[in-house]
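Give the three-dimensional model of this entry:
(2 chains)
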Amino acid sequence: DQQVKQNSPSLSVQEGRISILNCDYTNSMFDYFLWYKKYPAEGPTFLISISSIKDKNEDGRFTVFLNKSAKHLSLHIVPSQPGDSAVYFCAASDNQAGTALIFGKGTTLSVSS
Amino acid sequence: DTAVSQTPKYLVTQMGNDKSIKCEQNLGHDTMYWYKQDSKKFLKIMFSYNNKELIINETVPNRFSPKSPDKAHLNLHINSLELGDSAVYFCASSLTVGPAGVIPSYEQYFGPGTRLTVT
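Below is the predicted model:
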């Protein structure tokens, strides 16, 4: 049973447009959510996170939105750039710092110029 | 100035062999993890160590044995390798206890991965 779901395996966007990646979770104990970016043959790189006490967190071109009632979060990238092409993983934590991250299966984003 | 490093990056071996993967972090973190990414691309926790003490041990065959000689290192030894062990193994680290007045974060920093192929 997947506790973190990324239902879109892939997303294609044109350069300069907005990319929206979605993530759903089932465990109401999750209180911290993270997005990681992964290039081929590299490890996941931390991108942005959000605590369950917030509904939005912004860092440059990246914004994460959290809808706790819907158990849904999304990552917005504006404007999208070709270098953003990668696999994006949503992850969640149900405890204090130091616990395992529960990952979704990932969404492959392709940004064309 | 690599933050989390793993060796080797690629490992090809035969069934039945014993192999080790090494991980080192120079971030001053106190917690280290091993994750496995299988053929379905799911990243799943295997183990975590805090200050050399095992705190998470998921349902992993006891052929897998983590060893943490110090806070900066977490090695993974695998005995009697099986075909199903083929995967990419990622080491990660995080800080759970910060200096006084500093709230630690949940972010984990990952190594580049070790692709293990068992033939």
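
backbone phi and psi for B:Leu83, please?
Backbone torsions of B:Leu83, given as degrees, to the nearest 10, read phi -60, psi -40.

so who does it touch?
Applying C-beta atoms under 8 Å, 6 or more residues apart in numbering or on different chains, one finds that B:Leu83 lies in contact with B:15, B:118-119. C-betas here are computed from N, CA, C, even on glycine.

Show me which of these are buried.
B:Val118 (16 or more other C-beta atoms under 10 Å in any protein chain shown).

May I see the contacts of B:Leu83 arranged in CSV, with pLDDT as well?
Shown next, in CSV, are those (pLDDT from 0 to 100):
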residue, pLDDT
B:Met15, 97
B:Val118, 97
B:Thr119, 96
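
A:Thr63 bridge partners, please.
A:Thr63 forms beta bridges with A:Glu58, A:His76, as assigned by DSSP bridges.

Contact partners for it?
A:48, A:56-57, A:75-76, A:78.

Closest one of the residues you listed to chain B?
Nearest to chain B among these, counting by C-beta to the nearest C-beta, is A:Ile48 at 9.7 Å.

Tell me how far the strand or helix carrying the closest one lies from the chain's centre.
For A:Ile48, the host element (DSSP states H and E) is strand A:45-51. Centroid separation for strand A:45-51 versus its chain: 8 Å, with C-alpha atoms, centre = their mean, to the nearest Å.

With stretch B:19-30 instead?
That offset, for stretch B:19-30, works out to 8 Å (C-alpha atoms, centre = their mean).

contacting residues for residue 9?
Using chain A. A:Pro9 neighbours (C-beta under 8 Å, 6+ apart): A:105-108.

was after chain B, sorry
Contact analysis of B:Lys9 by C-beta under 8 Å, 6+ apart lists B:112-115.

can you tell me how far it sits from A:Phe62?
Counting by C-beta to C-beta, to the nearest Å, the gap from B:Lys9 to A:Phe62 is 28 Å.

mind listing what the lowest-mean-pLDDT helix or strand in chain B pairs with, with the direction of each?
Ranking every helix and strand in chain B by mean pLDDT, DSSP states H and E puts strand B:53-57 at the bottom, with a mean of 79. Applying DSSP bridges, strand B:53-57 is found paired with strand B:43-50 (antiparallel).
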